[in-house]
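In: sequence first, then the predicted structure, then my questions.
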Amino acid sequence: MSDLSRRALLQTSACGFGGLALRGLLAQQSIADSESRAGAPHHPPRAQRVIFLYMSGGPSQIDLFDPKPLIDQKHGTRISPPIDGREVTVGVDRYLALGSKWQATPRGASGVTISDLLPHLARVADELCLLKAMETDNEAHAPASLQLHTGTSIDVRPSMGAWLSYGLGTENHNLPGFITIHPESDVRTYGAGFLPAPYQGTPLTVPTRPEDLPIRNLRDPQTPVRVQEQRLGFLQQLNERSKRRAGNDPQLEGMIQSFELAFRMQKETPGLVDLSHETEATLARYGIGPGLASDRNGRACLLARRLSEAGVRFVQVTMGGWDHHGDIRGALPKTCAGVDQPIAGLLEDLRARGLLDETLVVWSGEFGRTPWSQDLSGTSPIETHGREHQPESYCAWLAGAGVKAGIMHGRTDDWGYRPIEGAVHLYDLQATILHLMGLDHERLTWRHSGRDYRLTDVHGRVVSEILA
Amino acid sequence: MPAPSASRTVFPTLPKTVLFVSLASLLFGGLAPRVGRGDDEAQEPSEKREFFETKVLPILQNRCLECHSHQADKSKGGLMLDSRSGWQTGGDSGPAIVPGKPDESLLIQAVRHTELRMPPTGRLPTEETRILEDWVLSGAYDPRTGTSPQPPSDRPPTTRHWAFEPPNQAPLPEVRDRQWPAGAVDSFILSSLEREGLGPAPESDRATWLRRVSFDLTGLPPSPVELSNFLGDHSPEAWATVVNRLLDSPAYGERWARHWLDLVGYADQIGTSNNVFAENAWRYRDYVIGSLNADKPWDHFLTEQIAGDLLPARSETERAEQLVATGFLLLGDLSIVEADKAKLRIDTVDQQLDKIGRAMLGLTLGCARCHDHKFDPVSQHDYYALAGILFSTHSVERATWGVWSFPFERELPETPAARAEREALLAAQLRRMDQWRRELRDLQGKKRDLDARLAQQPPLPAETRTQLDEERKPLELQIRRLDTQLVHAEFFRAKPPRALAVEEEPELRDMRLTIRGNAHAFGPLVPRGFPQILQTKDAATIPTHQSGRVELARWLTHPRHPLTARVAVNRVWQKLFGEGLVRSVDYFGVRGERPTHPELLDWLALRYHELGWSQKRLLRELVLSRTYRQSSLPNAEFESRDPENRQLWRMPRRRLDAEALRDGLLAVAGRLQPTGGGPGLPLEYPENTGGLRRGEVNPPHFNLGKFRPEQEYLRTVYLPIIRSGPQVGPAEVRNVFDFTQPGEFAGRRSTTTVPTQALFLMNGPLLKNRAREVAQRVLREAATEPERLLHLWRLVLGREVSDEEQAGARQLLEQLRPELAGGGELAPPEIELRTWSELCHALLASNEFLMLF
């Protein structure tokens, strides 16, 4: 909007503020490509959008996706996995095999192995491209999570969503290109690093009560809206006047506009995150309902679908609770119950709406867990042991646009420790995600301190074997 | 086998300009041993040949040659494995095989998948790995001939780079307008303006300059009294009087310390896992503030931070200060949960070098950890020469439990008076704890009695039991609370002061080059020393009995060092003029920006020495220049010719950063607390702490929920900084306004405009609270509406209110009064206060407050 016409609008609308109409906050593709801020893809994309389901804490692959008969057989006895012994360990020095209490059996027509703990996911097994030999580099949460999100374990670099927003721009100019629902506390996991700040992720909390704010400072409950509007009207008068006096300046103009956008966000976001108009069937599909273990994640997944559908390039949903150092047999079923229906519901919903063909869904933790047990006390019975972190191998899956459906890729050794076939390093996964979005991970770069940085640093290989 | 890397030790004697050409050829095979049928051919045992051909070769063919052969036309990482000379010469990382030594052979390390991982698609079967190991162990017999032509090098030819040459004293340039310059700085600026057909902007009005210089030097706005004093001072010394006052104020150190802290990774947290508190980090922050306020010469300031523990001291206080200074080396994002301790150690060294490189030298030394720097003349050899110095410095200690490690802490010397005070405090604390223990025993005794009665057989009547249960509940609560209190008091009892600080390793050691940064794959030993390209003629050699940090500091601060002073003055310039003379303030390397005014940069670097490395004196010269006094008014003609204002034809406009914004709000509200050193984390509240008991698996940690009441009113630099998450409580403003994250070492903050900032200003508590306080102040300090408006404008914007603004403000107040009157339950003074708060809120969120013009 030109400077003049906006000012004219400000003058005519009540108190000069908030009168700007919003171009359908939920409208898809409302902005012509020519207005797009950032670059174009390097090659024709297979996927338009990513929904990244981040399982924070490190889900146990042996219990969920990658059964190991040797471990089950040796349950409770000492095994000798090929450990290099260079690292300090806590509570796992006895290497007692901890068999899985549940069966991960072939499901669907494809035979993708999924645990009894995930009955809903098992229903959509034929959609999954299960990566059974993932590897990463860090054995502690903070660095491993950072590497998963930004490609580096100790530094401030742009996050994957920021790289994608930068590489592809946004599909909907009324919404950020990258939204992260219930993120971990480390702001670097959704930060823009050295990329411009508009590419950073916008953190969002799904409200469960009317007074909850989905975005920080979205509202000021103590001040009547009319008062706020009058104050803002006066503020913009001040700003217009100082702009006139000091001469036009893109920064001053930008600051004026940011208030208008913020006011629109304040007005429109509550409706966007309001799930009260969804049908019973939809709510049920995602496991949403008072008292249900899956309520919070169900809301998050449903909102992720809505945001993605509205054109947000990269939507992340973080679901925690996977860090089972103790009593994994007691705790894992609860964690699974919290995510199973929301995730399966999301895949089914995307499929039903024809969106799965253009949306890539990624499911991953920051690492996996050891098939042998961990006992921090040193005295508990094997049945109440947990599992330690394992970056050497773990499972992740992809579904949707551009990947083969109903396949398993990769294999680990009998201990479930080292990949022996089809290993996919985290960097390879990142390269593949970018590839599916039409970006070459070696060419999506940003010059900083004299060097061209990229998400995959100096690593990464597109896993062509899994591309559809 | 004369491995090419062994020849690297010769290059320090080569002239600089040929260094990189020859180094490239060393790496890529220029000096590789001639290949052919050598001496060992005569004794070639047939079983070796058979072993190679039947066992080894198939593995190479099946697993490696796809990416490492001429036939495939690929040489990933520069490595070819289709001939003996291929692996002898090796790739980017050096020779692939050291015959007879599998553990030192890259190829073996790679197939073992420890750090290097080959093949990338997955580990070889154990059997195949073993064959390769046996082959290398037995001498790596390989009959394949054929040369390995050198893969194309992407290294650009090394030319002389301005930043690696010592600064030159250029004569003052001639200018046409001789009246304009007030000093050398202005002459340089004006001469290039004239050369480009541009000219300086008119002078700012006094109020604008005062606001600008006050925020720049102290991070605070001028008070109305300061404004009227300056406006009323008609002497030619008026400007200098203001500058002297600002530089003498303790607020100066509080402002400029933050600029330095942006470069060192300061936070009140150790690592990013589990919220581990850095109980003593604040001492370093206070050290920086104190050093700047004392105007410690910059060279000495840097020296203390690198080698403070090795310097002579005249008093306990000075000794303590020097130890605290070395915290510089320990701040940053340490991987405290790294289970591989060898890796942790070299990662720490890497971070220290990276920090020294960026903060002091403007170089990205970290790049040379894994390979010679791709653009700058810093070789991997240079890196490990420096790294050895820090490798010989004790920085990290393993915890006595779990996988944890922590940065090293040292006890600080105390004055006798301080010790006496501490001991008295401890005695009082112990008395109080004894009292608590007695109370606890009493309560536990009472609870035991109740438990016994409840367990009594036959059971007491239900009614009595219910009653006893009721008595028991609060007792239990009290016991729990008292117990927590005791654990907390015990943990935090008065101890001798400690600080994050380094000491010499008992065993001083040169470092081995590592292969691609791998902590377990080593190359040749590199003697400790300094980068060749930056060698000063009279540089000290490193003694055998010390790590070399003293010499490192001496090298860094040497008057002929081409980088240190330039980097320092450029940072100061950037803080005043928005952009550095070299815009990439943290990177002066070959790919960095070239200076817009190279002669001025050199002049300033040399001037810095003349001024005794006094930052205050340097600042005084800069802010009193005509250049800095220019207005920021646009000029369409100049704009079109120099849109980025590289020639400084006007002052740039700058938005207040997070600290100046919050501190400025506190100042105009009249609520800013004058000082605030000491611990930033309010760990004295037990509810803010956890894991303090002995025998916990995880280290003691914080959970920041409660703040000291006065923290709301302290300068932002004193508020705790969290490394692993968003900033909380009164420090929330940092999340929104481009604060440098503590994991970064970055000297220039970006200025972004995003709607979250507007939401923060519209709805967040910071603006609302300060607006109310400003309103209270204005209503208290002035009596009539016109007087109040006058006062408000002076207070917030540092200028007079215009008639138009007055009319608008009065109209707003009139409109708001009925809106805010509520249902009639509010008293008139409260309605008035709320009404004025809205007006104040608008002013505080206005561009004129947020920007420096």
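Out: Received it, and whenever you're ready, just let me know what you need. Residues are numbered from 1 along each chain as shown, chains lettered A, B, ... in the order given.
In: how many neighbours does residue B:827 have?
Out: Neighbourhood size, residue B:827 [other C-beta atoms under 10 Å in any protein chain shown]: 8. Every C-beta, even on glycine, is put in place using the N, C-alpha and C of the backbone.
In: quick check: it vs chain A, distance?
Out: Plainly put, residue B:827 is 18 Å away from chain A if you go by C-beta to the nearest C-beta, to the nearest Å.
In: now do that residue, the pLDDT please.
Out: pLDDT, residue B:827: 91.
In: kindly report the same for the one 5 residues further on.
Out: With respect to pLDDT, residue B:832 scores 96.
In: for it, give me phi and psi.
Out: Taking degrees, to the nearest 10, you get phi -60, psi -40 for the backbone angles of residue B:832.
In: got a list of what it touches?
Out: Contact analysis of residue B:832 by C-beta atoms under 8 Å, 6 or more residues apart in numbering or on different chains lists B:779, B:817.
In: and the gap between it and residue A:230?
Out: Per C-beta to C-beta, to the nearest Å, residue B:832 is found 16 Å from residue A:230.
In: for the stretch 601-750 of chain B, what spans make up the helices?
Out: B:615-623, B:626-629, B:636-641, B:658-669, B:733-736 (DSSP state H, counting those that start in this stretch).
In: how about low-confidence regions in chain B?
Out: B:1-45, B:66-67, B:70-78, B:92-93, B:114-115, B:120-122, B:146-159, B:536-540 (pLDDT under 70).
In: can you report how many residues neighbour residue A:342?
Out: 27.
In: what about it, helix or strand, and which?
Out: Using DSSP states H and E, residue A:342 maps to helix A:328-352.
In: show me what counts as buried in that helix.
Out: Along helix A:328-352, these residues count as buried under the neighbour rule (16 or more other C-beta atoms under 10 Å in any protein chain shown): A:328-329, A:331-333, A:335-351.
In: tell me how far the residue lying farthest from the centre of chain B lies from residue B:471.
Out: Using C-alpha atoms, centre = their mean, the residue of chain B lying farthest from its centre is residue B:458. It sits 69.2 Å away. Distance, residue B:458 to residue B:471, by C-beta to C-beta: 21 Å.
In: close to chain B: what parts of the stretch 251-400 of chain A are there?
Out: Neighbours of chain B within the stretch 251-400 of chain A, by C-beta under 8 Å from any C-beta of the partner chain: A:251-252, A:254-256, A:258-259, A:261-263, A:265-266, A:376.
In: can you give me the end-to-end distance of stretch A:184-194?
Out: 20 Å (C-alpha to C-alpha, to the nearest Å).
In: ok, now stretch B:776-794?
Out: 15 Å.
In: would you mind naming the residues that bridge with residue A:114?
Out: Assessed by DSSP bridges, residue A:114 has beta-bridge partners residue A:105.
In: which residues are in contact with it?
Out: A:64, A:65, A:104, A:105, A:107, A:121, A:122, A:125, A:128 are the contacts of residue A:114 under C-beta under 8 Å, 6+ apart.
In: just residue A:351 next, same as before
Out: Counting by C-beta under 8 Å, 6+ apart, residue A:351 has contacts A:124, A:127.
In: please repeat the previous calculation with a cut-off of 10 Å.
Out: Applying C-beta atoms under 10 Å, 6 or more residues apart in numbering or on different chains to residue A:351 gives the contacts A:124, A:127, A:357, A:359, A:399, A:400.
In: quick check: of these, which lies closest to chain B?
Out: residue A:399 (22.9 Å; C-beta to the nearest C-beta).
In: tell me which residue is most central in chain A.
Out: Closest-to-mean residue, chain A, C-alpha atoms, centre = their mean: residue A:316 / 2.5 Å.
In: assumed that one was part of a strand.
Out: Yes - in this structure, residue A:316 lies within a strand as judged by DSSP: H, G, I helix; E, B strand; the rest coil.
In: hmm, it is touching residue A:160, no?
Out: Yes - with contact defined as C-beta atoms under 10 Å, residue A:316 counts as touching residue A:160 (8.6 Å).
In: which single residue in the stretch 351-500 of chain B comes nearest to chain A?
Out: Using C-beta to the nearest C-beta, the single residue of the stretch 351-500 of chain B nearest to chain A is residue B:403, 4.6 Å away.
In: that residue and residue A:429, how far apart?
Out: From residue B:403 across to residue A:429, the span is 26 Å (C-beta to C-beta).
In: cool, and residue B:582?
Out: 39 Å.
In: quick one: the helices in chain A?
Out: Ranges of helices in chain A, per DSSP state H, are A:3-12, A:61-64, A:69-73, A:119-123, A:141-150, A:160-168, A:225-246, A:250-273, A:280-285, A:295-309, A:328-352, A:426-436.
In: just these: most buried one?
Out: Comparing the helices of chain A by mean neighbour count (mean count of other C-beta atoms under 10 Å in any protein chain shown), helix A:61-64 ranks first with a mean of 29.
In: what is it packed up against?
Out: Counting by 3 or more C-beta pairs under 10 Å, 6 or more residues apart in numbering or on different chains; DSSP states H and E, the packing neighbours recorded for helix A:61-64 are strand A:104-107, strand A:112-115, strand A:128-135, helix A:328-352, strand A:368-374, strand A:386-390, strand A:394-400.
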